[in-house]
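Enquirer: Quick one: sequence plus predicted model below, questions after.
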Amino acid sequence: MVEAMVVHTGGSCGRGGLPDFWRVKGKSMKKVLTGNEAIARGAYEGGARFAAAYPGTPSSEIMETIAGAYHDIYAEWSPNEKVALEAAMGSSFAGARSLVCMKHVGVNVAADPMMTLSYTGVRGGLVLVTADDPELYSSQNEQDNRNYAKFAKIPMLEPSDSQEAKDFVRIGFELSEQFDTPVMLRSVTRISHSKTIVTLKERQNGPVPLDVRKDPSWSCFRSTEDNGTGWLKTGLSSSGTMRKVSRRIGSN
């Protein structure tokens with residue numbers, strides 16, 4: 001059976017539970033969701049523990065849905081997109097799968113830490129959602145953030161409907177952890193706000209344990225085969241990481 005989504009900003013669940021609309025009856029069930037609601041669901045099913053965002057159409061409903069329905073995820077609005085990404089980076093470094101959401105122009109604000117994050121890598125998977133706005137229906141410019149993914153040398157996933165929007169968040173977490181990189185997920189206004197049928201599944205937690213401690217193996221100056229990759233970047237350590245990033249994307 002397919003049910004249509006209604007506006008849901010809280011509900012009868014206690015903290016840590018799910019409202020009835022989002023509960024999976026059996027192994028899976030189908031709902032009609034917008035792309036933004038599907039991205040929120042993908043974060044939940046993919047084991048996200050932290051989500052941060054700065055509001056802006058067409059991305060705002062992602063965080064609204066997470067905050068209202070998925071209490072297993074710590075969700076917060078940030079004062080700007082740069083702060084949202086930096087908070088998600090800290091969560092990822094502690095091992096938590098993390099989601100950060102913004103509209104396309106917000107990536108301009110978050111570009112500073114994003115470019116360095118490509119070099120530092122992650123622990124828990126980190127997915128950055130950019131909601132682009134072709135023909136600028138609610139924006140001051142029209143900007144294609146696929147260029148940012150190429151610029152930063154990080155993977156980007158582009159869903160074509162709500163089902164892929166949900167699935168690609170989980171896949172993004174897995175790719176992020178496998179290749180030690182943030183992953184961008186690019187939605188557009190028509191994907192974010194249109195509705196298609198989505199198969200819901202149960203939540204699966206990520207494989208990386210939550211752990212905050214001083215440990216040279218992954219802390220400030222964690223070392224790898226390049227002898228210099230780590231959370232704290234300097235000119236000397238970044239040169240080794242640059243080679244790792246280039247190999248990751250298959251360039252010389």
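Expert: Now that the structure is in, tell me what you want to look at.
Enquirer: tell me the helices in the stretch 151-252 of the chain, going along the chain?
Expert: Per DSSP state H, counting those that start in this stretch, the stretch 151-252 of the chain carries helices over the ranges 162-179, 189-193, 235-248.
Enquirer: which one of those helices lies closest to P58?
Expert: helix 189-193 (4.1 Å; CB to CB). C-beta coordinates here come from the backbone N, C-alpha and C atoms, glycine included.
Enquirer: contacting residues around the residue nearest to the spatial centre of the chain?
Expert: The chain has V127 as the residue nearest its centroid, 2.5 Å off, counting by CA atoms, centre = their mean. Applying CB atoms under 8 Å, 6 or more residues apart in numbering to V127 gives the contacts A43, S98, L99, V100, V169, G172, F173, S176, P182, V183, M184, L185.
Enquirer: switch to 7 Å and redo it
Expert: L99, V169, G172, F173, S176, V183, L185 (CB atoms under 7 Å, 6 or more residues apart in numbering).
Enquirer: Tabulate those residues in JSON lines, adding columns for pLDDT, distance to A67 and neighbour count.
Expert: As requested, those are exported to JSON lines (pLDDT from 0 to 100; distance: CB to CB, whole Å; neighbours: other CB atoms under 10 Å):
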{"residue": "L99", "pLDDT": "98", "distance to A67": "12", "neighbour count": "33"}
{"residue": "V169", "pLDDT": "98", "distance to A67": "16", "neighbour count": "29"}
{"residue": "G172", "pLDDT": "98", "distance to A67": "20", "neighbour count": "27"}
{"residue": "F173", "pLDDT": "98", "distance to A67": "19", "neighbour count": "29"}
{"residue": "S176", "pLDDT": "97", "distance to A67": "23", "neighbour count": "26"}
{"residue": "V183", "pLDDT": "98", "distance to A67": "22", "neighbour count": "25"}
{"residue": "L185", "pLDDT": "98", "distance to A67": "19", "neighbour count": "24"}
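Enquirer: Quickly list the domain ranges of the protein.
Expert: 2-200, 215-252 (automatic domain parsing).
Enquirer: burial of P134, as a residue count?
Expert: By the criterion of other CB atoms under 10 Å, P134 has 13 neighbours.
Enquirer: SS state for it?
Expert: The three-state assignment at P134 reads coil, by DSSP: H, G, I helix; E, B strand; the rest coil.
Enquirer: do S138 as well
Expert: Secondary structure, three-state DSSP: S138 is coil.
Enquirer: Which pLDDT value goes with the residue nearest to it when sequence neighbours are not counted?
Expert: Closest residue to S138 apart from its sequence neighbours, by CB to CB, 6 or more residues apart in numbering: T57 at 4.2 Å. T57 carries a pLDDT value of 94.
Enquirer: Likewise for K244?
Expert: pLDDT, K244: 76.
Enquirer: How about V7?
Expert: V7 is assigned 35 on the pLDDT scale.
Enquirer: Please report phi then psi for the residue nearest to S138.
Expert: Backbone torsions of T57, given as degrees, to the nearest 10, read phi -70, psi 130.
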